[in-house]
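*Asks:* sequence and predicted structure, then a few things I'm wondering about:
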Amino acid sequence: MSAVHDAVKIGIVSVSDRASTGVYVDKGLPALKEWLTRALLNPVTFEERLIPDEKDGISAALIALVDAGCSLVLTTGGTGPALRDVTPEATLAVAHKEMPGFGEQMRQISLKFVPTAILSRQCAVIRDKSLILNLPGQPKSIAETLEGLKSESGEQIVPGIFAAVPYCIDLVGGPYLETRDEVCKAFRPKSALRPPPA
Ligand SMILES: Nc1ncnc2c1ncn2[C@@H]1O[C@H](COP(=O)(O)OP(=O)(O)OP(=O)(O)O)[C@@H](O)[C@H]1O
Ligand SMILES: Nc1nc2c(c(=O)[nH]1)N[C@H]1C(S)=C(S)[C@@H](COP(=O)(O)O)O[C@H]1N2
């Protein structure tokens, strides 16, 4: 498997005052790893951070992960309206480009799960050759936004945002990400599809 799929380094960042100080056990990093391992065929190396809701510390972690070669960086937590929620500000502070479609689509998807979806200010940006994506803090929101909503028979009712992630990473010069269709069917234009190995 690993011979035919590009290796990828992914940064995962859980932003939580309480989990980072041990008030509760962090469920964000395990949920991110579980979903990404299930969804991707590529061999993945994870770079993990569990940090408090501090803007400068979050920005510094994002820069360090991009500089370490992470093609994709996912954050969870700190996207709401509370005073301490500053993950979107910290993300925008390191942006070279904003990718507003991801935040818009994630809020649309999340409305299928919770009426408070619009309280998340989650955003996505490009920095160098990396895509940085904010997800809400509720651990269950990770699979909800990445994978979307499926019926009991597995039929996709609302597509998750991860379907657009592999092509986005192609466009910024990153590795060729391939997904398990039953978890998340990635979309690329035909002209961008890599021919299967002979
Ligand atoms: N990293 C996490 N691990 C486990 N549960 C979490 C985590 N982050 C959030 N949650 C759960 O989701 C709820 C809402 O998350 P939210 O990000 O709003 O937390 P918060 O009120 O900002 O506090 P904190 O930053 O201390 O996690 C929390 O009350 C908690 O039950
Ligand atoms: N898919 C999904 N999106 C969600 C939620 C959720 O449970 N599932 N929670 C909402 C709530 S209650 C809040 S306050 C905001 C912000 O959450 P955060 O501050 O933990 O990032 O995300 C929203 N988006």
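*Replies:* Received, thanks. Ligands and ions are numbered 1, 2, ... in the order given.

*Asks:* near ligand 1, which residues of this protein show up?
*Replies:* 14, 16-19, 24, 26-28, 53, 77, 80, 82, 137-139 (C-beta under 6 Å from any ligand atom). Where C-beta positions appear, they are placed from N, C-alpha and C, glycine not excepted.

*Asks:* ok, 8 Å please
*Replies:* 14-20, 23-29, 50, 52-53, 76-80, 82, 84-85, 136-139 (C-beta under 8 Å from any ligand atom).

*Asks:* those in helices, which ones?
*Replies:* In helices, judged by DSSP state H, the following of the residues of the chain next to ligand 1 are found: 17, 18, 19, 20, 28, 29.

*Asks:* just the buried residues from these, in ChimeraX please.
*Replies:* Applying 16 or more other C-beta atoms under 10 Å to these, the buried members can be selected in ChimeraX as follows:
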select :19,20,28,29
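
*Asks:* quick one: name the residues of the protein near ligand 2.
*Replies:* 15, 76-82, 85, 87, 106-107, 109-110, 113-114, 116-122, 134-138, 140-141, 144-145.

*Asks:* switch to 5 Å and redo it
*Replies:* Residues of the chain that fall close to ligand 2, judged by C-beta under 5 Å from any ligand atom: 77, 79-80, 85, 110, 113-114, 116-117, 119-120, 136-138, 141, 144.

*Asks:* pull out the buried members of the residues of the chain next to ligand 1.
*Replies:* 14-16, 19-20, 26-29, 50, 52-53, 76-80, 85, 136-139.

*Asks:* find the nearest non-adjacent residue to the closest residue to ligand 2 within the chain, please.
*Replies:* With C-beta to the nearest ligand atom as the measure, residue 137 is the residue of the chain nearest to ligand 2, at 2.5 Å. Nearest residue to residue 137, sequence neighbours excluded (C-beta to C-beta, 6 or more residues apart in numbering): residue 77, at 3.4 Å.

*Asks:* OK, contacts around that neighbour?
*Replies:* Going by C-beta atoms under 8 Å, 6 or more residues apart in numbering, residue 77 touches 14, 15, 16, 19, 28, 53, 87, 136, 137.

*Asks:* how does it look with 6 Å?
*Replies:* Residues near residue 77 by C-beta atoms under 6 Å, 6 or more residues apart in numbering: 15, 16, 137.

*Asks:* how about residue 54?
*Replies:* So residue 54 contacts nothing (C-beta under 6 Å, 6+ apart).

*Asks:* which phi and psi does it have?
*Replies:* phi -130, psi 120 (degrees, to the nearest 10).

*Asks:* give me the beta-bridge partners of the residue nearest the centre of the chain?
*Replies:* What sits nearest the mean C-alpha location of the chain, by C-alpha atoms, centre = their mean, is residue 74, with 3.7 Å. Applying DSSP bridges to residue 74 gives these bridge partners: residue 12, residue 133.
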